[in-house]
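# generate a structure from the sequence data that follows.
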Amino acid sequence: MSIYVGNLSYEVTSEDIAEVFSEYGEIERVYLPTDRETGRVRGFAFVEMRQESDEAAAIEALDGAEWMNRVLKVNPAKPRENKPRSSRGDWGKNRNFSGRY
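I've put the predicted structure just below:
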């Protein structure tokens, strides 16, 4: 299982997150997505812990907690949806595009 951590400060680091979650058990991985263009943290992260019981304890303790002047949203991460990529022929749909150049 993976934990979703939302409403994070834009100044947070992976090390900061690992430090907080390590109070509840052993951390396997922290993933802190950044914006491709700016490199800035996007305000959420994913944490994986070795034991599911540790993850449950972290979720229970940290959801709604205030940290770095933010109220955290902490819950089990939802599986990533596999969205089909649109083909070139779908580009004009719903965009009032006639297909002419």
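# mind listing the residues bridging to the residue nearest the centre of the chain?
The centre of the chain sits closest to residue 45, judged by Cα atoms, centre = their mean, with a distance of 3.6 Å. Applying DSSP bridges to residue 45 gives these bridge partners: residue 5.
# so it makes contact with residue 5?
Yes: counting by Cβ atoms under 8 Å, residue 5 is a contact partner of residue 45 at 4.6 Å. All C-beta spots, glycine's among them, are computed from the backbone N, C-alpha and C.
# overlap in contacts of the two?
Common neighbours of residue 45 and residue 5, using Cβ atoms under 8 Å, 6 or more residues apart in numbering, are residue 17.
# how many neighbours does residue 39 have?
Residue 39: 7 surrounding residues under other Cβ atoms under 10 Å.
# quick one: the strands in the protein?
3-6, 27-31, 44-49, 66-67, 70-71, 73-76 (DSSP state E).
# touching the fifth one from outside, list them.
Where contact means Cβ under 8 Å, 6+ apart, the residues beyond strand 70-71 that reach it are 7, 8, 9, 64, 65.
# what is the most widely separated pair among those residues?
Maximum pairwise distance among the contacts of strand 70-71 (Cβ to Cβ): 15.9 Å, between 9 and 64.
# looking at these two, which is more packed in?
Between residue 9 and residue 64, counted using other Cβ under 10 Å, the more crowded position is residue 9 (14 against 10).
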